[in-house]
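Show me how the following folds:
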Amino acid sequence: MTTAISRLRDELTEHTRDEFRRDFGDVESDWVASAAEYFWNEAHQDARVADLYRWGFRPGTARVLDLAGGHGQFVFRALEAGFDAYGVEPDVWKLGFAARKLAVTGRPRAWSERLLRGVGEALPFADDTFDCVSSYQTLEHVQDPGAVLAEMVRVTRPGGGVHLRCPDYRSTFEAHYRLPWLPYFPRAVARAYLRAFSRPTRGLDSIQYVTAPRIRRWLSAIEKAEGCRLIVVNGDQVGFADAVRRAGLPDLVSDAFFLYRTWAFVGGAFRREASVNLFVRILSKESTNSRDAVSSPRVVGRQLPTGGVVQP
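You can find the predicted model right below:
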């Protein structure tokens, strides 16, 4: 079993290196090793499970969806914590890898059925299926961020929520290329900039310049188009306020969040990416199915943008 795990981890390292080299250029061996360890080790997903608790979701009662499911780390960790967890992932290799990882680590093979092939623009689930849909470092890579957000809201029941974490391209650092960057870097100029560093532009072509204000505008458009009511909360601000309370400081200190963010942005200029951390509470929908009527995720046949059919 140890040999099987070692071989699978070596395969993950090779795949990670080849994928990033193809899209973003040569990467240092230490960075590849660190990224592969991140994709294998599930302990860091405890922070995401803690986020579920922060937003009021509890194991045994909450059904959650991860978009995209990647190598299965969050789904498996959430299942271990007692959540009814599912994931959607378009990469066939990653789905196969997750299934093989379950086999060599001795966990239920049926968990592989919790990861479905699909894309964010056409989620293979019925309306109001989930209590929480989370997306971590994904929205910047989809074809149509507005459509993905609309789908996330669609499959989330009223009273539930959508948790979004992604880069904010008002940033002065691009973490995929690991290069200093300009906010809203004009693409023609960015391509020339990347070529000057002998970097491929394929990765840039896969990136959407998402920002917190743009996400809020997309959500506002969804409210109008779908007749739903949403509340958008800054997750970083909530975390800052929680830290202030744990430290026993006056609540007034929470008002210093803007100064804290400004200090962090300036301190990380051209060295760290800025990020989005938003929680979207679904207050109501104009028309909705009964939550009790959905006893288990109901997979529906939706067309992929490429013309294929999402398969459960």
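
Quick check: beta-bridge partners of the spatially closest residue to residue 231 that is not a sequence neighbour?
Among residues not flanking residue 231 along the chain, residue 281 sits closest, at 4.5 Å (Cβ to Cβ, 6 or more residues apart in numbering). For glycine as for every other residue, the C-beta is placed from the backbone atoms N, C-alpha and C. With DSSP bridges applied, residue 281 shows beta-bridge pairing to residue 161, residue 231.

wouldn't residue 281 be in contact with residue 228 here?
No: Residue 281 lies out of contact with residue 228 (Cβ atoms under 8 Å); the separation is 10.9 Å.

all helices of the stretch 201-312 of the chain, in order?
202-205, 212-226, 235-246, 257-267 (DSSP state H, counting those that start in this stretch).

possible to save those as a markdown table with mean neighbour count, distance to residue 119 and mean pLDDT?
Shown next, in a markdown table, are the helices of the stretch 201-312 of the chain (neighbours: other Cβ atoms under 10 Å; distance: least, Cβ to Cβ, whole Å; pLDDT from 0 to 100):
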| stretch | mean neighbour count | distance to residue 119 | mean pLDDT |
| --- | --- | --- | --- |
| helix 202-205 | 15 | 17 | 96 |
| helix 212-226 | 15 | 17 | 97 |
| helix 235-246 | 15 | 25 | 90 |
| helix 257-267 | 12 | 32 | 90 |
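
I'd like to know which of these lies nearest to residue 61.
Set against residue 61 and scored by Cβ to Cβ, the helices of the stretch 201-312 of the chain come closest in helix 235-246, at 21.6 Å.

Moving along the chain from the helix or strand containing residue 75, name the first helix or strand you hit.
Here residue 75 sits within helix 73-80, counting by DSSP states H and E. Remark: after helix 73-80, the chain's next helix or strand is strand 84-89, criterion DSSP H and E.

What residues sit buried inside that following strand?
84, 85, 86, 87, 88, 89 (16 or more other Cβ atoms under 10 Å).

Pull the helix or strand that that strand is followed by out as PDB, backbone CA atoms only.
Downstream of strand 84-89, the first helix or strand assigned by DSSP H and E is helix 92-105. Coordinates of each C-alpha in helix 92-105 appear next as PDB, following Å, rounded to 0.1, in the frame of the first residue of the first chain:
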ATOM      1  CA  VAL A  92     -11.200  13.900 -16.100                       C
ATOM      2  CA  TRP A  93      -7.700  13.200 -14.900                       C
ATOM      3  CA  LYS A  94      -8.400  14.800 -11.500                       C
ATOM      4  CA  LEU A  95     -11.600  12.800 -11.100                       C
ATOM      5  CA  GLY A  96      -9.700   9.600 -11.800                       C
ATOM      6  CA  PHE A  97      -6.900  10.600  -9.500                       C
ATOM      7  CA  ALA A  98      -9.300  11.200  -6.600                       C
ATOM      8  CA  ALA A  99     -10.900   7.800  -7.100                       C
ATOM      9  CA  ARG A 100      -7.500   6.100  -7.000                       C
ATOM     10  CA  LYS A 101      -6.500   8.100  -4.000                       C
ATOM     11  CA  LEU A 102      -9.500   6.800  -2.100                       C
ATOM     12  CA  ALA A 103      -8.500   3.200  -3.000                       C
ATOM     13  CA  VAL A 104      -4.900   3.400  -1.800                       C
ATOM     14  CA  THR A 105      -5.800   5.300   1.400                       C
END
